[in-house]
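Asker: Sharing a model prediction with you, sequence too.
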Amino acid sequence: MSTPAIQDFQDTNDPLHVTLERTLAAIDTPTITLRRLLDLIGEQGLLFLCALLAIPFLLPVSIPGVSGVFGPAIILIAAGITGNRMPWIPRRLAHKEFNSEKLKGTLKRGLRIVMRVERVVRPRFRGITAAGLPARLNGTAIIFAAVLMMAPFGLIPFTNTLPAFAIVLLSIGMSQRDGLVVIGGYLFILATLIYFGVLLWLTLQAGQGLFGFFSS
């Protein structure tokens, strides 16, 4: 059986807070599996999940080890968005059950945050967030930002923060059809590449200095 397309689950024209409210109303069992949750949330919820998973990395120095879990999850979700399909999740994780009441509490806290963000985010430059090629490019950008976020530089300030901001802006911009926010996400990816380039240059300079010191 083929994986259903994202639009089969949700009307992506709805505001993000409406999608989350509908998800909360649909959870009516004591427990819920990750697969069922993904089916209920749909595309906009998946984008919100990408942003949510990136939030711990917004601190200057990320918590060690988290990138090995959250980074791959963002990549899997973004890959599904890029292919306009629900993301592939390993079977063991897809059937993992969660307490519905605790999950609802988390979603309600997320709902309050989303409603605050939606006060300033609005549809702009919609061509940048349109379906088809723009959506695939934006999804690929989220994957690339997640790869950058997983780079083994967690103890160096801002190496996780910059790509995490990119993921948050790209995800929110896509879900709310705000092309200006999406552009901001691309700028953070560019800033990440520049920052990594500077770090690499400084490392090479330091290495050459040490080599010269010991060889003299």
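Answerer: On my side now, so go ahead.

Asker: Let's see stretch 174-191 as CSV, backbone CA atoms only.
Answerer: In CSV, the C-alpha atoms belonging to stretch 174-191 read as follows (Å, rounded to 0.1, in the frame of the first residue of the first chain):
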residue,chain,number,x,y,z
MET,A,174,5.9,27.5,5.0
SER,A,175,3.0,26.6,7.3
GLN,A,176,1.7,30.2,7.4
ARG,A,177,2.5,30.9,3.7
ASP,A,178,4.8,33.8,4.8
GLY,A,179,7.5,34.0,2.1
LEU,A,180,9.3,36.8,4.0
VAL,A,181,9.8,34.5,7.0
VAL,A,182,11.0,31.7,4.7
ILE,A,183,13.6,34.1,3.2
GLY,A,184,14.8,34.8,6.7
GLY,A,185,15.3,31.0,7.1
TYR,A,186,17.5,31.0,4.0
LEU,A,187,19.5,33.9,5.4
PHE,A,188,20.2,31.9,8.6
ILE,A,189,21.4,29.0,6.5
LEU,A,190,23.8,31.4,4.7
ALA,A,191,24.9,32.8,8.0
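
Asker: So which residue is smack in the middle of the protein?
Answerer: Residue closest to the average C-alpha location in the chain (C-alpha atoms, centre = their mean): residue 50, at 2.5 Å.

Asker: pLDDT wise, what is it at?
Answerer: The model reports residue 50 with a pLDDT of 87.

Asker: ditto for residue 130
Answerer: Reported pLDDT for residue 130: 89.

Asker: Tell me which residues touch it, please.
Answerer: By C-beta atoms under 8 Å, 6 or more residues apart in numbering, residue 130 lies in contact with nothing. Yep, even glycine has a C-beta here, placed from its N, CA and C like the rest.

Asker: on that earlier part again, so which helix or strand takes in the residue nearest to the residue nearest to the centre of the chain when sequence neighbours are not counted?
Answerer: Among residues not flanking residue 50 along the chain, residue 171 sits closest, at 4.3 Å (C-beta to C-beta, 6 or more residues apart in numbering). Assessed by DSSP states H and E, residue 171 sits inside helix 161-175.
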